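K.L.:
pasting a predicted model and its sequence here:
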Amino acid sequence: MNEELKAIWRSLFDWVMGNGPRPENEVIPPEPPPDLPFTLKPKDKYSRFHEATLKERYSQWVEIHGLHIFSIVYSGLSVLTCVVVVSLLLATVAELPPFGDEKNPANNEVIRRYVEHGGHETGAQNIVAGLILDYRAFDTFGESAVLFTAAVSVLMILGASRRNKQDNELSPNVNEDGKNFLQRGPPIKTFRKDDAILRGVATLSIPVILMMGCVVVINGHLSPGGGFSGGAILSTALILAANAYGFERVHDFFNERTFIVSSSTALMIYALSKGYSFFTGANHLHSIIPKGTIGNILSGGLILPLNICVGLIVAGTLYGFYALFSEGDM
Amino acid sequence: MIVIEWLLLIFLIVCAIAVSISKNLLNSVIIFMSYSLVMAVIWVLLRSPDLAITEAAVGAGVTSVLFFLALRKIGQMGHKEDEEK
Amino acid sequence: MIRVIIAGLLMLSGLFVLGIATLGIFRFSTMLNRIHVAAKCDTLGALLMLSGLIVLSGWNVFSLKLLLVIIFLWLCNPAASHLVARAEVKTHPNINSICDYIDLTNENKNDDN
């Protein structure tokens, strides 16, 4: 019985290891003595008739049939996933109230709650600011994160080509055509230098535009505006400065490092403060953040710092887009 | 006032159709700028000044500048450069 | 009553100037002529219209805002028109065929980018 098991095991071992059929009169050498644990065992004991091992056979089989089977499994899984997700979504839609019905809670109760209790619940005079930065603050956080991610992606792509160009300049033996592929278009003549009229108008109007942007950002909870629009106004001021004085002047106080530091800091402050607010102030728990009196500049709880954060992110991102697309640098 | 709203809405529809059927990309971007401006006026008429400020600053200002830069990158800025090539 | 009459006269003249601007934009052929018409007539028409509104609304914060709008327009409109005309002059293939262009600044020799 034991010998039969050994024979079966040996044949299986031969099949796996790719040994050929062994002759009948083979003398199996005895096992190495167990008192030599570190000596090399005779490996090619059965390798007179070498065939492909199981691993090699498997890799050959994968090489021939693998892509076909993968495509079959992949399409089957994708169809399965689509069917499951679509059926889940349809089941959810079937449970929703009919669209446009006047008795829907979204059509009367939510709006009434915002209009009647929005003032003393958020402390903001501007109900829209209280809506997007207090009730729905995580949506605004997502928007800011999307903007920041887009700007960082553009910075990565265009900055990588810029760094390649610098490397090519450092080592001149690289190919002559190692130019930036994004700057391959027709050369654009820029005439922003020595334009006295544009420079004078920019000198007069840039402080006004900056002040307007700051006012829109800071008064976001009192008057129409807020972080997004104020940030866009600030970015237009930066773009005008870059066009009037050249990118080098703007680069002195707003460069890539400033953008990364300010945007990351603003996003982190947003996430931390809003997370704190949600963990402590939501669900009618006690919040230590004071609301202030409605109408003051220091009111609305977290809305003012959140507006400033969003304004910083938007201003940096839009100016960064302009600088990266026009100059390839920031 | 309702006449002005109707005029603006009709102009908006005409702009939206003209953006898509315009052959020149530069013309499309300029028409899109006017679309954003009219949209900002309509937001004001709908008593939503927040969206009006954002639309005027982003839609008519920064987005158009970015579109112009993208057109410049792909060399579709106008017919004169094509003649030079 | 006199205020309404003055405001109406101002706004009607503003409308007239703006209409001339629109007609000129459609009638003129080259771009420099068009920007000439658009810059001058838009600036003057906006001034007349807004001053008519100021006269109509009287002496309050709203008219002060309109005054600021006038100042901003008078700053930005000529500068923008100047930039457009400058870009046209710089990028036109043969600028001497449409106007007498005298290069006073020698910018074309210095700008290589």
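P.N.:
In hand now; what should we look at?

K.L.:
low-confidence stretches in chain B?
P.N.:
Residues of chain B meeting the criterion pLDDT under 70: B:76-85.

K.L.:
centroid-nearest residue for the chain?
P.N.:
Answering for chain A, as no chain was given. A:T149 (5.0 Å; CA atoms, centre = their mean).

K.L.:
sorry, I should have been clearer: chain C.
P.N.:
C:A39 (2.5 Å).

K.L.:
tell me the pLDDT at residue 51?
P.N.:
You didn't pick a chain, so chain A it is. With respect to pLDDT, A:E51 scores 63.

K.L.:
you looked at the wrong chain, it should be chain C
P.N.:
pLDDT, read off for C:S51, is 92.

K.L.:
so is the helix or strand hosting it next to chain B?
P.N.:
Per DSSP states H and E: C:S51 is located in helix C:31-57. No: using CB under 8 Å from any CB of the partner chain, helix C:31-57 never reaches chain B; the gap is at least 10.4 Å. C-beta here means a position set from N, CA and C on the backbone, and glycine is covered the same way.

K.L.:
now for that helix, which elements pack on it?
P.N.:
helix C:2-27, helix C:61-91 (3 or more CB pairs under 8 Å, 6 or more residues apart in numbering or on different chains; DSSP states H and E).

K.L.:
of these, which approaches C:V55 most closely?
P.N.:
Of all the helices and strands packed on helix C:31-57, the one in closest proximity to C:V55, counting by CB to CB, is helix C:2-27 (4.3 Å).

K.L.:
and whatever helix or strand A:G231 lives in, how far out from the chain middle?
P.N.:
Assigned by DSSP H and E, A:G231 belongs to helix A:227-245. Centre-to-centre, helix A:227-245 and its host chain are 25 Å apart (CA atoms, centre = their mean, to the nearest Å).

K.L.:
packing partners for that helix?
P.N.:
With contacts taken as 3+ CB pairs under 8 Å, 6+ apart, helix A:227-245 sits against helix A:196-218, helix A:247-253, helix A:303-327, helix B:49-54.

K.L.:
which one of those is the most hemmed in?
P.N.:
helix A:303-327 (a mean of 24; mean count of other CB atoms under 10 Å in any protein chain shown).

K.L.:
can you count the residues close to residue 79?
P.N.:
By default, I'm working from chain A. When counting by other CB atoms under 10 Å in any protein chain shown, one arrives at 10 neighbours for A:V79.

K.L.:
that answer is for a different chain, and I need it for chain C
P.N.:
When neighbours are counted by other CB under 10 Å, C:A79 registers 21.

K.L.:
from memory it sits against A:D195, does it?
P.N.:
No: using CB atoms under 8 Å, C:A79 is not in contact with A:D195, being 9.4 Å away.

K.L.:
can you name the residue of chain A nearest to chain C?
P.N.:
A:V201 (4.1 Å; CB to the nearest CB).

K.L.:
how far is the helix or strand encompassing B:L37 from where the chain is centred?
P.N.:
Under the criterion of DSSP H and E, B:L37 resides in helix B:25-45. Centroid separation for helix B:25-45 versus its chain: 3 Å, with CA atoms, centre = their mean.
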